[in-house]
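In: Show me how the following folds:
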Amino acid sequence: MTITRAAAIVSGGALLVAWFAVAGSAPEQDATPVGDRTPATATSGPGSLAVEVEQQAGRLRQRLAEAPAPGGHPRNPFSFGEPRASRARAVSAPMLAHAADIATTASAVDAAPALVLMGIAEEPSFEGTHRTAVIALRQAQGDPDPSRAVGGAGDDLYIVLEGQLFADRYKVKTIGVDAIELEDVKTGGLRRLALR
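Out: This next block holds a predicted model:
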């Protein structure tokens, strides 16, 4: 390959690249015929601009008049509906009698005493971690002085382990890191106490 032939190839490639660059940057021309274009209004002053705005407003009013009207009762998520009277009437006499039976059964069972979990202690051993819970039982439930703290004078304090029965009513099921679970021996229910 001779030097003149290589120069011809390089200059031909440069001309091809320049031609593509010029063709890519040429402005595009509008393909719509001149007769189909909407006539532009002359904006030579504020009067012609005001006329154009007025025309646009008139077209907008016309389109809004043709739009469908909203429904009479649109859904409003920010207001509550009227209370339904049918629900109040739906409660039947057998359901009320059943509720009265439950209330008398609940009053027959002793009211649960006020229990407060005061703390949990852990002791590591070879068998695993043994936890001990400290529980306060408030004796005076109708105490008029609400400032009296639980665990004060007149209250019973219990230091219990898992499986232990205390206050002739509760059996300790599990002792966790920050809560304990008790089984009420009289009712068979479970009660959970957590540290505050």
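In: For residue 19, give me phi and psi.
Out: phi -70, psi -40 (degrees, to the nearest 10).
In: which stretches of this structure have low pLDDT?
Out: The chain contains residues with pLDDT under 70 at 26-45, 70-74, 80-111, 139-154.
In: residue ranges for the strands of it, please.
Out: Along the chain, counting by DSSP state E, strands occupy 115-124, 129-137, 156-160, 165-166, 170-175, 179-184, 190-194.
In: what's the closest of those to residue 59?
Out: Distance to residue 59, taken as Cβ to Cβ, is lowest for strand 190-194 among the strands of the chain, at 68.4 Å. For the C-beta atoms, the positions are set from N, CA and C on the backbone; glycine is no exception.
In: List of residues touching that closest one?
Out: With contacts defined as Cβ atoms under 8 Å, 6 or more residues apart in numbering, strand 190-194 is touched by 112, 115-117, 135, 170, 173, 178-184.
In: May I see the strands of the chain organised as CSV, with distance to residue 58 and mean neighbour count added?
Out: Formatted as CSV, these follow (distance: least, Cβ to Cβ, whole Å; neighbours: other Cβ atoms under 10 Å):
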stretch, distance to residue 58, mean neighbour count
strand 115-124, 77, 14
strand 129-137, 81, 17
strand 156-160, 86, 15
strand 165-166, 87, 15
strand 170-175, 79, 18
strand 179-184, 73, 18
strand 190-194, 71, 12
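In: what are the ranges of the helices in the chain?
Out: For the chain, applying DSSP state H gives helices covering 3-24, 46-66, 85-90, 93-108.
In: Contacts for stretch 124-143, please.
Out: 111, 113-123, 150-151, 154-162, 166-167, 172, 175-176, 180, 193.
In: For residue 16, give its distance to residue 6.
Out: According to Cβ to Cβ, to the nearest Å, residue 16 and residue 6 sit 16 Å apart.
In: Same check on residue 63?
Out: For residue 63, the distance to residue 6 - Cβ to Cβ - is 69 Å.
In: Can you give me the neighbour number for residue 22?
Out: 9 (other Cβ atoms under 10 Å).
In: whoops, residue 7 was the one
Out: Neighbour tally, residue 7, other Cβ under 10 Å: 10.
In: Next: the one 4 residues further on.
Out: By the other Cβ under 10 Å criterion, the neighbourhood of residue 11 contains 10 residues.
In: got it, and residue 155?
Out: 16.
In: Can you tell me how far it is from residue 55?
Out: 86 Å.
In: now do residue 128
Out: 88 Å.
In: The two: which has the busier surroundings?
Out: More neighbours surround residue 55 than the other of residue 128 and residue 55, with 11 against 7 (other Cβ under 10 Å).
In: State the distance from that one to residue 68.
Out: Distance from residue 55 to residue 68, by Cβ to Cβ: 25 Å.
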